[in-house]
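Build me a model:
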Amino acid sequence: MRLQICLIALLISTPVLAGATPWQELSPGVRLRLVSSDRIDVSGRTLVGLDLEMPQSTRTYWKAPGEGGLALSLDWSQSRGVAQAEMVWPYPLIDQSLGVDEFIYLGPTLLPVALTLDSPVGEIAISVVMGICETQCLPARASFTLPINGTGRVDTINDLRLRQAEALAPIAWPGPGPAATLLGLDQAAGGILVRLEDASIDPASLIGVDGRGDALGAPQKSREPNLVLLPVSAARAGDIDGTRIELTFMTPSGAFSMSTDLGRGSTGNGL
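Numbering: from 1, shown residues only. Next up, the predicted model:
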């Protein structure tokens, strides 16, 4: 188990009138800011983003961080004029370099946040806690504010960057049939057997997330090219049997996701 140092760096920024806040240092060589596209569509939707600058050897975590990671949390409750905020998660890297299964981003990273505004004037106030990890894992806290001014002036550079990052996030599988089928929890093999129904799916890219938002293990290929095992510990098997599983995966057309129910009972067949 890696040493986790519970160091919280509390950093508070002041409002600015541009499409980005000042940088805040989270740890040596790592800094974070909030950027905005300033593009608001007719439904009131706009994008802001957590713009993370860090060395290529440093990591932060996807929505389901895996065994050794720290989940990101976002608080926008102090905002004015913001009806809803939702993280947009680009497809992550599946990493086992530290001896555990983790789902991460390495180096410079832009994580979009989709906001729904209910007023043309107000203030975006976002507080975030995120894991910043290299050899040690540091939970870091930062808070940012940006004005909602309704001027209609778009920050062209940040708008492009945010839309590119959003395009890397999985979208719902379009069908017509399911992308994959859960064959059941295989106690002998130690995980959930998944049959890939579409040949375009990269088996090594498959990520499973249970109903509590926790990631399953990194995918293991079998002797059959369309069969993948998502490892589940024996202690956890009883908790996920019969629950809903979200599957995320890559294809040549980009990242997709789908959700399906895991039937109760084990297959016991092994790989």
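
residues in contact with residue 199?
residue 226 (Cβ atoms under 8 Å, 6 or more residues apart in numbering). For glycine as for every other residue, the C-beta is placed from the backbone atoms N, C-alpha and C.

Quick check: it is in a helix.
No: secondary structure assignment places residue 199 outside any helix; it is coil (DSSP: H, G, I helix; E, B strand; the rest coil).

tell me the pLDDT at it?
The pLDDT attached to residue 199 in the predicted structure is 94.

and it, backbone torsions?
phi -70, psi -10 (degrees, to the nearest 10).

Against residue 186, how distant is residue 237?
Taking Cβ to Cβ, to the nearest Å as the measure, residue 237 and residue 186 are separated by 10 Å.

what about those two, which has more around it?
Here residue 237 and residue 186 are compared on neighbour count by other Cβ atoms under 10 Å; more neighbours surround residue 186, at 19 against 16.

For the stretch 101-250 of the chain, which segments count as helices?
The residue ranges that make up the helices of the stretch 101-250 of the chain, judged by DSSP state H, counting those that start in this stretch, are 156-167, 234-240.

Nearest to residue 38 among those helices would be which one?
Nearest of these to residue 38, taken as Cβ to Cβ: helix 156-167 at 7.1 Å.

For that closest one, which helices and strands make contact with it?
Using 3 or more Cβ pairs under 8 Å, 6 or more residues apart in numbering; DSSP states H and E as the contact definition, the elements that helix 156-167 packs against are strand 30-36, strand 45-53, strand 109-117.

coming back round to it: weakest of the helices of the stretch 101-250 of the chain by average pLDDT?
Among the helices of the stretch 101-250 of the chain, helix 234-240 carries the lowest mean pLDDT, a mean of 75.
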